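J.: Give the three-dimensional model of this entry:
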Amino acid sequence: MAHDHHASASDGPAATDTADVLAGVGARLKRIRRQRDCTLASLSQATGISVSTLSRLESGGRKPTLELLLSIAHAHQVPLDELVGAPAVGDPRVRLRPIQRFDATVLPLSQHPGGVQAFKMIINATRSTPEPRTHEGYEWLYVLGGKLRLVLADHDLILKTGEAAEFDTRLPHWFGSTGQAPVEVLSLFGPQGERMHVRARPTGGQRAEATGGQRAQPAGE
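T.: Numbers count the residues shown, from 1 in each chain. Prediction:
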């Protein structure tokens with residue numbers, strides 16, 4: 001009987017803690033989505049979860065499940081801990097969680113949403129066909145290894161290891177491999193740069209800037 005008594009006593013606080021965590025999930029989901037300037041419709045398209053379900057999750061009318069939270073965390077590119085409000089452990093190391101997207105492996109280097117976000121990208125050689133897109137914000141790229149092809153409006157550039165580029169992401173842009181070998185890139189951008197991409201055609205008359213040890217070479221040179 002003493003054993004049963006201790007088991008029930010320890011279960012009580014744990015159940016209460018779990019309920020408190022789940023009760024705060026909705027507010028965190030809404031805060032993170034708004035920080036990323038993402039609409040319910042855009043998030044629904046990215047996750048496959050209906051707008052009504054997402055709305056009920058944020059209002060507390062729907063109990064969050066692991067499957068739903070994993071989909072939302074993947075769309076926002078944040079750790080699951082960020083959605084459930086797990087306490088910080090004080091370890092400054094970033095737990096790298098690779099994300100496969102657009103023929104590339106993306107490693108988030110930032111732990112918290114909002115502000116400037118950092119990513120390391122390993123782009124496969126198969127990502128070599130330009131598909132220019134646009135989104136709000138400003139992006140900075142640094143080539144860690146290999147050669148990066150950057151298409152920006154009417155510019156078609158090759159950036160080598162150690163070179164960097166920065167540009168307004170409202171311009172039609174695309175970057176990837178030259179088609180010969182993978183390329184490693186460090187990418188930095190702010191909250192506005194995390195909005196959903198839309199296809200766009202390149203337009204002339206725009207200017208690209210690249211920096212580094214040498215100038216960025218036009219593709220084909």
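J.: okay, CA-based contacts and neighbour counts for the rest of this
T.: Fine.
J.: List the buried residues of stretch 25-44.
T.: Along stretch 25-44, these residues count as buried under the neighbour rule (16 or more other CA atoms under 10 Å): 25-30, 32-33, 36-38, 40, 43-44.
J.: of all those, which two lie farthest apart?
T.: V25 and D37 (18.4 Å; CA to CA).
J.: and the helix or strand where L188 lies, what does it pack onto?
T.: Assessed by DSSP states H and E, L188 sits inside strand 183-189. In terms of contacts (3 or more CA pairs under 8 Å, 6 or more residues apart in numbering; DSSP states H and E), strand 183-189 is packed against strand 117-123, strand 138-145.
J.: Strand partners (parallel or antiparallel) of the longest one?
T.: When pairing is defined by DSSP bridges, strand 138-145 lines up against strand 164-168 (antiparallel), strand 183-189 (antiparallel).
J.: and for the next helix or strand after that strand, what are the contacting residues?
T.: For strand 138-145, the succeeding helix or strand toward the C-terminus, using DSSP H and E, is strand 148-152. Outside strand 148-152, the residues within contact range by CA atoms under 8 Å, 6 or more residues apart in numbering are 130, 132, 156-160, 171-178, 183, 185, 202, 208, 219.
J.: Of the residues you listed, which belong to strands?
T.: 156-159, 173-177, 183, 185 (DSSP state E).
J.: Quickly name whichever of those is closest to P79.
T.: V185 (21.4 Å).
J.: That closest one and K147 touch, don't they?
T.: No: contact criterion CA atoms under 8 Å: V185 and K147 do not qualify, at 9.4 Å.
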